[in-house]
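Novice: Based on what follows, work out the 3D shape:
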Amino acid sequence: QVQLVESGGGLVQSGGSRRLSCAVSGSIFLLNSMGWYRQAEEKQRELVATITNIGSTNYADSVKGRFTVSKDNAKNTLYLQINSLKPDDTAVYYCTANIRRSWSDANRDYWGKGTLVTVSS
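Specialist: This is a model prediction of the structure:
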């Protein structure tokens, strides 16, 4: 069993900051790339940022320069520092991780249940 649990969401004023966390637990043989997606109301889920197992990062154009993705390998925890927040950043933020549970298993994508970030203008 693998679990991804996000935390850190909440209500924040425009221009403010927030740090999201995603704790990964369970049977993990190999933790590959991880990432953050978000879904605003009545919109499709979109990529926010990803980070590979060696630390290479990728960001959506809309968040470049404002969001920073990082991870703590020892804690199997993913972070997203979000700064200069705008009302358009209001969304449920989801964590995802590509994990192999054993040497004989395939790599699979796992998702958390999300954490809501609401930005007030």
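Novice: Using the three-state scheme, assign the most far-flung residue of the chain relative to its centre.
Specialist: The outermost residue of the chain, judged against the average C-alpha position, is S104 (26.9 Å), by C-alpha atoms, centre = their mean. Classification of S104 using DSSP: H, G, I helix; E, B strand; the rest coil returns coil.
Novice: so what's Y59 up against?
Specialist: Taking C-beta atoms under 8 Å, 6 or more residues apart in numbering, we find Y59 in contact with 48-49, 67, 69. In short, each C-beta sits where N, CA and C put it, glycine included.
Novice: typed the wrong thing, it's Q39
Specialist: 45-46, 91-92, 94, 114.
Novice: Contacts only, for V117.
Specialist: Contacts of V117 by C-beta under 8 Å, 6+ apart are 9-10, 12, 18, 20, 38, 82, 85, 89-93.
Novice: Likewise for N107?
Specialist: Applying C-beta under 8 Å, 6+ apart, the residues contacting N107 are 30, 32, 98-100.
Novice: any idea which of the residues you listed is the one closest to L4?
Specialist: I99 (9.1 Å; C-beta to C-beta).
Novice: A strand includes that closest one, no?
Specialist: Yes - secondary structure of I99 (three-state DSSP): part of a strand.
Novice: circling back to that earlier point, in the contacts of Q39, find the pair that's most separated.
Specialist: Maximum distance among the contacts of Q39 (C-beta to C-beta): 13.2 Å, for E46 and G114.
Novice: okay, these two: which has more neighbours?
Specialist: G114 (18 against 13; other C-beta atoms under 10 Å).
Novice: I figured that one hits S7, correct?
Specialist: No - the pair G114 / S7 is not scored as a contact, 10.6 Å apart, by C-beta atoms under 8 Å.
Novice: hmm, back to that, for the contacts of Q39, which one is nearest G26?
Specialist: Y94 (17.3 Å).
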